[in-house]
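Chemist: quick check, what structure comes out for this input:
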Amino acid sequence: MQVLLQTPSEKQKIFLKDSHRFVAFGGARGGGKSWAVRTKAVLLALKYRGIRICILRRTYSELRVNHIDTLKSQLLGVALYSEGKREFYFPGGSVIYCRYCQNENDLGKLQGTEYDVVFIDEATQFTESMFRMISACVRGTNSFPKRVYLTCNPGGVGHGWVKRLFIDKKYNKGETPSDYSFIRSLVTDNEALMRFDSGYIKQLESLPSKLRKAWLEGDWNIFEGQFFEEFRDVPEHYADRRFSHVIEPFEVPASWPIYRSYDFGYGKPFDCSWWTVDEDGRAYLILQLYGCARYPNTGVKWSPDRQFSEIHKIETEHRWLKGKNIIGVADPSIWDSSRGEAIIDTADRHFVHFSPGDNKRIPGWMQCHYRLQFDSEGRAMVYFFKTCTDAVRTLPLLEYSKHNPEDLDTDGEDHFADSFRYFAMSRPIFLSEAPRARTDFYGDDPLDLRGGGRYKKYSYI
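Modeler: Numbering: from 1, shown residues only. This is a model prediction of the structure:
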């Protein structure tokens, strides 16, 4: 029996030949990702007798429609399919396992299972912790290749970690840059689709601006559902960088007041941000201590004592902070003593003092939006020093809540955003004071952000 495969596009050829540990493919709709996944899985199963391969989607219905039904037809007479187990068995002992993982509880079904190769289809639908746990299943004491293939489009709960690893190429401790490869494929690279369904590109072209840029152009800097769509990080190579919230650090004048905002976290990241305000009421994020900045992906957690000890050290040593009367504001929940010592008591022992912040969510987010707006001259009411990398990284990735259209989705990495909200509510501005909203940064705008380029990573101080 023979397996008939269509001729791959040039981008699909690159994907099929890529041998990196982690290979990501796509970046836009219609790039031929599903075909590439099935084809590579079948080629591996036919080449290596006894190899164990897993194709993973978020839901069973997506798995069936995108892969199982096609593979059943394609492998008829070549591999035996078990309907109950959702597995394809090849004569040489190779197996393709079709699995789905709708939530983190489903990961238990995968743990303990060893695969040689895993395909995570539509990887941006998975959280980073799910990706890590799935990747840990790729192991074995045989000579088969050990790889994780990912397909992806901009947007979704996993947008941030996929963008960090494969687009921005920013790596944490324990991550080896040479392990990661990204192959960008747009609908125009999919020759078969363009030949048989040329109307599909017209559908993408007719989408609203943000969806069109994500799904047609593969733009990872903006996506549908983005909560802080006003936020702009203009690349360094633009001469005119007025319409950017991210700026070069400058020496903070001694006369400017210093504020500290804090969002507690132990099993999750915490955020401590230091702000200053100029004579016009314009705020600047000048320093940041973020909970996972020092020990990413190691499981090390900062106890409250460790957090406030480090905060106190920074405030007594850093030239912008030492000797200053710092005004602290924090989530009111740290005053809760129902489960033992309140977090605020630990802070007080380290001479780190706070007042309870105004925790109203919707008014708080509006204050953040007001400050982020640009006027016609490119002036906003808040700026971020580019050395505050976790603020710059997380803020543009947050999405709207699916349950409350005015609120932020708390499943995202919202720790700095909450800290920002407490600070903004401590110094509220009114709509009449806020700059006129300016969000038309694509298309005719001279700063057209599609040019790419991102800031380097700096120390938090």
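
Chemist: which non-adjacent residue is nearest the spatially most central residue of the chain?
Modeler: In the chain, the centroid-proximal residue (CA atoms, centre = their mean) is Gly160; its distance is 0.8 Å. In this structure, Gly160 finds its nearest non-sequential neighbour in Leu397, 4.2 Å apart by CB to CB, 6 or more residues apart in numbering. For every residue, glycine as well, the C-beta is placed using N, CA and C.

Chemist: direction included, what does the helix or strand hosting Phe88 pair up with?
Modeler: For Phe88, the host element (DSSP states H and E) is strand 87-89. Paired strands of strand 87-89, with direction, are strand 80-82 (antiparallel), strand 95-100 (antiparallel) (DSSP bridges).

Chemist: ramachandran angles for the residue nearest to Gly160?
Modeler: The phi/psi pair for Leu397 (degrees, to the nearest 10) reads phi -90, psi -10.

Chemist: Gly412 is in contact with that one, correct?
Modeler: Yes. At 6.5 Å, Leu397 and Gly412 qualify as touching, with contact defined as CB atoms under 8 Å.

Chemist: okay, and the common contacts of those two?
Modeler: Common neighbours of Leu397 and Gly412 (criterion: CB atoms under 8 Å, 6 or more residues apart in numbering): Gly160.

Chemist: quick one, what contacts Phe166?
Modeler: Per CB under 8 Å, 6+ apart, neighbours of Phe166: 22, 24, 150, 152, 180-182.

Chemist: show me how the protein divides into domains.
Modeler: 10-215, 246-451 (automatic domain parsing).

Chemist: redo these as JSON lines? Include mean pLDDT and distance to Phe227.
Modeler: Shown next, in JSON lines, are those (pLDDT from 0 to 100; distance: least, CB to CB, whole Å):
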{"stretch": "domain 10-215", "mean pLDDT": "85", "distance to Phe227": "12"}
{"stretch": "domain 246-451", "mean pLDDT": "85", "distance to Phe227": "4"}
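
Chemist: figure out which of these is closest to Glu230.
Modeler: domain 246-451 (4.1 Å; CB to CB).

Chemist: re earlier: roughly how far apart are the residue nearest to the centre of the chain and Lys170?
Modeler: 11 Å (CB to CB, to the nearest Å).

Chemist: now swap in Asn221 and tell me
Modeler: Taking CB to CB, one finds Asn221 at 14 Å from Lys170.

Chemist: if you count what's nearby, which of those two comes out ahead?
Modeler: Asn221 (21 against 16; other CB atoms under 10 Å).

Chemist: just to revisit the earlier point, contact partners for the residue nearest to the centre of the chain?
Modeler: So Gly160 contacts 128, 393-394, 397, 412-413 (CB under 8 Å, 6+ apart).

Chemist: Three-state assignment for Met425, please.
Modeler: Counting by DSSP: H, G, I helix; E, B strand; the rest coil, the backbone at Met425 sits in helix.

Chemist: coming back round to it: name the nearest of the contacts of Gly160 relative to Tyr370.
Modeler: When these are compared against Tyr370 (criterion: CB to CB), the nearest one is Thr394, at 19.9 Å.

Chemist: just say helix, strand or coil for that closest one.
Modeler: Put simply, Thr394 is helix when judged by three-state DSSP.

Chemist: for it, which non-adjacent residue is closest in space?
Modeler: Using CB to CB, 6+ apart, the closest residue to Thr394 is Glu413 (4.7 Å).
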